[in-house]
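1. Turn this into a model:
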Amino acid sequence: MAKSLREWLRGADMIKKHPQIARFLGSAQPHIWIPRRRSVALGAAIGGAISIVPLPAQTLIAALLAVRFKAHLPTAVVLTFLSNPLTALPLLCLAWMLGALCLGHPLAWPEQAFGAGSGQWLEWIRTAGKPLLLGMPLLAALLSLSLFGLTHAGWRFAIVRQWRTRRSARSRHTPG
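-> Have a look, this model is predicted:
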């Protein structure tokens, strides 16, 4: 896994050398391509937060924010694909449920949804908007904070494991 991740991160050289991207970023910002614990965690947080908000050009917005906040650009861009056609509806439902919980609304499916009249549907859509508008930024914040923390913890775990592996390898080869 780590070897394939390293190979994937080296693929950033190909992206950096693309003429359109090089013209946009230039060589003045090499830090956005180098994977470091803080920059990768920040890129994960940016990508996670932007993936929740249903905006066009999510990858472009994530790339601009990564450049602005000196985050790892490939991580921020890749994590915007958390929201895709398969995950969009569950994420929207989760955001609605989170907003409904915060507003004190019941989580049960409203009876207006089963009515035949279009007026009832419009009323249900109007009332569902408030929980969704509150739940989307909350879900984006929760996801970005959890991705930031998980990235830091995972990075720390990998480093400690490497240290222990090296220490045990040295103790096996030490004459004694």
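
2. what's next to stretch 46-53, contact-wise?
-> 58, 61-62, 65-66, 69, 71, 75-83, 91, 95, 136-137, 139-141, 143-144, 146-147 (CB atoms under 8 Å, 6 or more residues apart in numbering). All C-beta spots, glycine's among them, are computed from the backbone N, C-alpha and C.

3. Out of these, which sit inside strands?
-> Among the contacts of stretch 46-53, the subset assigned to strands under DSSP state E is empty.

4. Can you tell me the SS state at R156?
-> Three-state assignment for R156 (DSSP: H, G, I helix; E, B strand; the rest coil): helix.

5. and it, how many neighbours?
-> 11 (other CB atoms under 10 Å).

6. For L64, see how far away the residue nearest to it when sequence neighbours are not counted is.
-> Leaving out its chain neighbours, the residue that sits closest to R156 by CB to CB, 6 or more residues apart in numbering is R37, at 7.7 Å. Distance, R37 to L64, by CB to CB, to the nearest Å: 22 Å.

7. swap in H72?
-> As judged by CB to CB, H72 and L64 stand 14 Å apart.
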